[in-house]
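A.B. asks: Here's my sequence, what's the structure:
(chains A and B)
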Amino acid sequence: GESVGLHLPTLSVQEGDNSIINCAYSNSASDYFIWYKQESGKGPQFIIDIRSNMDKRQGQRVTVLLNKTVKHLSLQIAATQPGDSAVYFCAENVGGSNYKLTFGKGTLLTVNP
Amino acid sequence: DTAVSQTPKYLVTQMGNDKSIKCEQNLGHDTMYWYKQDSKKFLKIMFSYNNKELIINETVPNRFSPKSPDKAHLNLHINSLELGDSAVYFCASSQDRTDQPQHFGDGTRLSIL
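C.D. replies: Residues are numbered from 1 along each chain as shown, chains lettered A, B, ... in the order given. Coordinates of the predicted model:
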């Protein structure tokens, strides 16, 4: 569904559940992808990244999956906590050697205690 | 210590005025960026500077003029402010390579009356 006003895709989960946020990217030549978390009143905060020569990368409680065949990126958050509530953005480097990030629309994650 | 810092955090001014936003990074990065985030949270690159040289200019009106006195600073001057300039402006920085994340400041919320 969409959040009224912001028109962002939304995901609502219970505390402790796993969350999956999806992103379709646009450029098949993109070679680097990043997930950012943006809390209210703050700038985007780096979560995890992945290069195009990989299909999976794990961090602390987060995993990024890359499917180049269908140009799809996902962020999995394990044991979601209330502090994970934020807007999540995927970004792709479309600029090649001129590092230029194009951001996705953003997904609003709400974690219910 | 704040890695990427912007001033001011809030800027309220009247249409037609000229204003500047300052950005400094203490990460030793070579490349700095300005992004604009609209009311729908859409985040779009405006400019990129590498070692004080402009490398990306995303068809931004020439009322917007970035200036980089050294590689740790990238300022944004806006002439003849218009209502549509109301947004949150983010500064970011990165290493001069395309497989490292960009680090963002906490934004400057610009409101035009």
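A.B. asks: near chain A, which residues of chain B?
C.D. replies: Proximity of chain B to chain A, by C-beta under 8 Å from any C-beta of the partner chain, involves residues B:4, B:31, B:40-45, B:48, B:55-56, B:90, B:92, B:94, B:97-99, B:101-107. Every residue, glycine included, has its C-beta placed from N, CA and C.
A.B. asks: hmm, try it at 6 Å
C.D. replies: Residues of chain B that fall close to chain A, judged by C-beta under 6 Å from any C-beta of the partner chain: B:40-41, B:43, B:55-56, B:90, B:98-99, B:101, B:104-107.
A.B. asks: Next up, the contacts around the closest residue in space to B:Q25 that isn't next to it in sequence.
C.D. replies: Sequence neighbours aside, B:S93 is the residue nearest to B:Q25 in space, at 4.1 Å (criterion: C-beta to C-beta, 6 or more residues apart in numbering or on different chains). Shown in contact with B:S93 (C-beta atoms under 6 Å, 6 or more residues apart in numbering or on different chains): B:V4, B:Q25, B:L27, B:H29, B:M32, B:H103.
A.B. asks: Name every strand pairing with the helix or strand harbouring B:S93 and say which way it goes.
C.D. replies: Under the criterion of DSSP states H and E, B:S93 resides in strand B:87-94. Here strand B:87-94 has these sheet partners by DSSP bridges: strand B:31-37 (antiparallel), strand B:103-104 (antiparallel), strand B:108-112 (antiparallel).
A.B. asks: Quickly list what the residue nearest to B:Q25 is bridged to.
C.D. replies: Beta-bridge pairing for B:S93 (DSSP bridges): B:M32, B:H103.
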